[in-house]
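>>> no sequence for this one, just the structure:
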């Protein structure tokens, strides 16, 4: 049996994988904004924080540091060579096949 899901927005795509990361609805919203603004190679830069803060309505972009720490703790992003990068599953939306094996 094949099941095809139409995950046509970043939010839907991230929600599909969220059971692995356990992000709250607010964390999902913030992460989606970071993904939509970033280059996907590097995420959560100073410029990204300013843009996301403006989009969400935070007066101080540094408020997003709390979210960035939560993303890192929950493994949705990782620190590599001094830069944050999105988890491989959450990066560029590509065709992913999920196979469910019997026990």
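All right, it came through fine. These figures come from a predicted structure and were not determined experimentally.
>>> which regions of the chain sit below the pLDDT cut-off?
Within the chain, the stretches falling below the threshold (pLDDT under 70) are 1, 40, 92-96.
>>> at 80 instead, please
Within the chain, the stretches with pLDDT under 80 are 1-5, 39-41, 91-103.
>>> Just want the most central residue of it.
Central residue of the chain (C-alpha atoms, centre = their mean): residue 31, 4.2 Å from the mean position.
>>> Tell me who's in contact with it.
14, 23, 67, 71, 76, 90 (C-beta atoms under 8 Å, 6 or more residues apart in numbering). Where C-beta positions appear, they are placed from N, C-alpha and C, glycine not excepted.
>>> Could you tell me which of the residues you listed are located in helices?
Using DSSP state H, the members of the contacts of residue 31 that fall in helices are 14, 67, 71.
>>> who's the closest residue to the last one other than its chain neighbours bridged to?
It refers to residue 71. Of all residues not flanking residue 71 in the chain, residue 77 sits nearest, at 4.5 Å (C-beta to C-beta, 6 or more residues apart in numbering). Residue 77 forms beta bridges with residue 86, as assigned by DSSP bridges.
>>> Verify the contact between residue 77 and residue 84 for me.
Yes: between residue 77 and residue 84 a contact is recorded at 4.8 Å, counting by C-beta atoms under 8 Å.
>>> ok so, going back, pick the one among the contacts of residue 31 closest to residue 4.
Taking C-beta to C-beta as the measure, residue 4 lies nearest residue 14 of the contacts of residue 31, at 18.3 Å.
>>> Count the neighbours of that closest one for me.
23 (other C-beta atoms under 10 Å).
>>> same check, this time on residue 6
Residue 6 is surrounded by 6 other residues when neighbours are defined as other C-beta under 10 Å.
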